[in-house]
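K.L.:
one predicted model, sequence on top.
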Amino acid sequence: MRSLPSSLLLLLTLLMTACSGLGGSRHSLPALMVKRLDWMDDVAEAKRAKGLPITDPKREAELLRSMMQRGDAAGLNYESVRLFFSGQMQAAKVRQEEWLHQHPAATTAQPPDLATTIRPALDEIGTQMIEQLAEETRHLHPIQAAALVTQARKRLMQAGYSEAVVKPAVKGLKDAMDIYFATWP
Ligand SMILES: O=C(O)C(=O)C[C@]1(C(=O)O)C=C[C@@H](O)C=C1
């Protein structure tokens, strides 16, 4: 079979993307990835105020466990959820490091509280991410999955995040998508 002209392929991709609800009213996965990272300046300030290190292995394990459980309930593969959130947390840590480096002194006297404000917000974003991951993997064609990864990179760069932050976040999404589409017919 002759391969499709690239302009037709692009048109098909755009049509399928529009139909899949990527631009719908709920936050898309790329938008949620930006939203999650947007919390990290506050997280860094909250940790500085309390003298806490950036990395909290216990919280990471708890978050992964709870997201994998939610993912399982939504029909998602455990490993894909683990890879996705590992990437987002890695990006989160790089962003916190950058923030502290760029702002050697505290920028606020009263940062939001980690336990009562920040982590519940991150949990809520995580839940929305699971819903979107489930939605995307149900409806996406592999071409659209690749477009979603590209779109995520674009959104994160547009939001002003550095390559060092964007790279692990996008890799997490790509790794998750690869699991679903590796065996696609
Ligand atoms: O909750 C925190 O303490 C954060 O710094 C956020 C976060 C995350 O991305 O969820 C990032 C790094 C920590 O190791 C744990 C979790």
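P.N.:
Thanks, I have it. Numbers count the residues shown, from 1 in each chain.

K.L.:
alpha carbons only for contacts and neighbour counts from here, please
P.N.:
OK.

K.L.:
around the ligand, pick out the residues from this structure.
P.N.:
Residues of the chain lying close to the ligand by C-alpha under 6 Å from any ligand atom are 43, 54-57, 59-60, 89, 92-93, 119.

K.L.:
ok, so of those, who is nearest residue 174?
P.N.:
residue 89 (14.7 Å; C-alpha to C-alpha).

K.L.:
element containing residue 168?
P.N.:
helix 163-181 (DSSP states H and E).

K.L.:
now for that helix, which elements pack on it?
P.N.:
helix 78-102, helix 142-158 (3 or more C-alpha pairs under 8 Å, 6 or more residues apart in numbering; DSSP states H and E).

K.L.:
can you give me how far the last one is from the chain middle?
P.N.:
I take that to be helix 142-158. In terms of C-alpha atoms, centre = their mean, to the nearest Å, the centre of helix 142-158 is set 11 Å apart from its chain centre.

K.L.:
buried stuff in it?
P.N.:
Neighbour counts over helix 142-158 (16 or more other C-alpha atoms under 10 Å) mark 142, 144-149, 151-153, 155-156 as buried.
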